[in-house]
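1. got a structure for you, letters missing:
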């Protein structure tokens, strides 16, 4: 449910309304946009009397939200989210960033050289895999903790914020100095991991699974935001189709749809 407030609502009435709603066990998400202030109610709103709220002087209108995702819903948060990765390094709200780098970190020489090339090419962030999920158990699995150390070394030399993928909750202590934590396509529905990164306040790059719907992607983002972490960046990485000549098919049609469904970054 969302409550659209009138301009310059009486603060005392607003405080009373918030207190009453919280007494019903609801969480309140306040979003102040350019044209309206919206209160998003999260929880069981079945017992909330819409007519009673509509009758309040400070309320413009009340609407029920049918979608199961609330925090990521654009109806709750009309303005686009802006994520500040580092002071002065922002994504969203007209702040365009290019994230570039190797699939996996393989050596100090490799990642530092690539980092310099990435910076010289104009990219604003460095991506490299320290932990690598592989289809084959015999394929290179990444340099793991050492890979993160090398990414941090490349950051120190270039000043570029780093993005790298976590695969398991047990690995999170190693990511303390990582600027953006990536949740890969294979882990998009690893709900325990999503809950854990939701307790952080670090930007999370969430990739769409190769066979997941847009609703499922947004519900995974909801897991993160429900934990209090609003710094969610969505990534459309391509889906599995009948085509075998390409590894994945980029679902371009999903981008404008997601723009209408969520305020989260893409």
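-> Perfect, thanks for sending it. Because the structure is a prediction, the values reported are computed rather than measured.

2. what's the following helix or strand after the helix or strand of the chain with the lowest mean pLDDT?
-> Across the helices and strands of the chain, mean confidence by mean pLDDT, DSSP states H and E is lowest for strand 27-32: a mean of 87. Per DSSP states H and E, the first helix or strand lying C-terminal to strand 27-32 is strand 37-42.

3. Next, find the distance separating residue 2 from residue 62.
-> When distance is defined by Cβ to Cβ, to the nearest Å, residue 2 is 7 Å away from residue 62. C-betas here are computed from N, CA, C, even on glycine.

4. try residue 115
-> Relative to residue 62, and taking Cβ to Cβ, residue 115 is found at 51 Å.

5. With neighbour numbers in mind, choose between these two.
-> With neighbours defined as other Cβ atoms under 10 Å, residue 115 and residue 62 compare such that residue 115 has more, 27 against 21.

6. Which strand or helix spans the nearest residue to that one once chain neighbours are set aside?
-> Excluding the flanking residues, the one nearest residue 115 by Cβ to Cβ, 6 or more residues apart in numbering is residue 154, at 3.8 Å. If you go by DSSP H and E, residue 154 is part of helix 145-158.

7. If we go by neighbour counts, what in stretch 168-186 is buried?
-> Going by neighbour count (16 or more other Cβ atoms under 10 Å), the buried part of stretch 168-186 is 171-172, 174-175, 178-185.

8. Pick the one among these closest to residue 234.
-> Using Cβ to Cβ, residue 183 comes nearest to residue 234 of these, at 10.4 Å.

9. what sits against the closest one?
-> Contact analysis of residue 183 by Cβ atoms under 8 Å, 6 or more residues apart in numbering lists 165-166, 190, 193-194, 197, 204-207, 220.

10. Which of these fall in helices?
-> Taking DSSP state H, the ones among those that sit in helices are 193-194, 197, 220.

11. Residue 108: which of these is nearest?
-> Closest to residue 108, out of all of the ones in helices among the contacts of residue 183 and judged by Cβ to Cβ, is residue 197, at 27.9 Å.

12. count of residues packed around the closest one?
-> A total of 24 residues lie near residue 197 under the criterion other Cβ under 10 Å.

13. And residue 7, by the same measure?
-> 9.

14. Residue 41 too?
-> A count of nearby residues for residue 41, using other Cβ under 10 Å, gives 23.

15. Let me have the ones in helices among the contacts of residue 183 in TSV, adding distance to residue 236 as columns.
-> What follows is the ones in helices among the contacts of residue 183, written out as TSV (distance: Cβ to Cβ, whole Å):
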residue	distance to residue 236
193	20
194	18
197	19
220	13
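
16. Adding pLDDT, write those residues out as JSON lines.
-> Listed next are the ones in helices among the contacts of residue 183 as JSON lines, based on pLDDT from 0 to 100:
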{"residue": "193", "pLDDT": "98"}
{"residue": "194", "pLDDT": "98"}
{"residue": "197", "pLDDT": "98"}
{"residue": "220", "pLDDT": "98"}
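
17. In terms of pLDDT, where does residue 35 sit?
-> We have a pLDDT of 71 for residue 35.

18. so what's it closest to, chain neighbours aside?
-> residue 78 (7.9 Å).

19. element containing the one you found?
-> Per DSSP H and E, there is no helix or strand for residue 78.

20. Stretch 216-235: which residues count as buried?
-> So stretch 216-235, judged by 16+ other Cβ under 10 Å, has buried residues 217-227, 229-235.

21. May I have the beta-bridge partners of the residue nearest to the spatial centre of the chain?
-> Centroid-nearest residue in the chain: residue 232, 1.5 Å away (criterion: Cα atoms, centre = their mean). Beta-bridge partners of residue 232, counted by DSSP bridges, are residue 204.

22. close enough to count as contact, it and residue 263?
-> No: with contact defined as Cβ atoms under 8 Å, residue 232 does not count as touching residue 263 (9.6 Å).

23. Just the ones in strands from the buried residues of stretch 168-186, please.
-> The strands, defined by DSSP state E, take in 180-183 from those.
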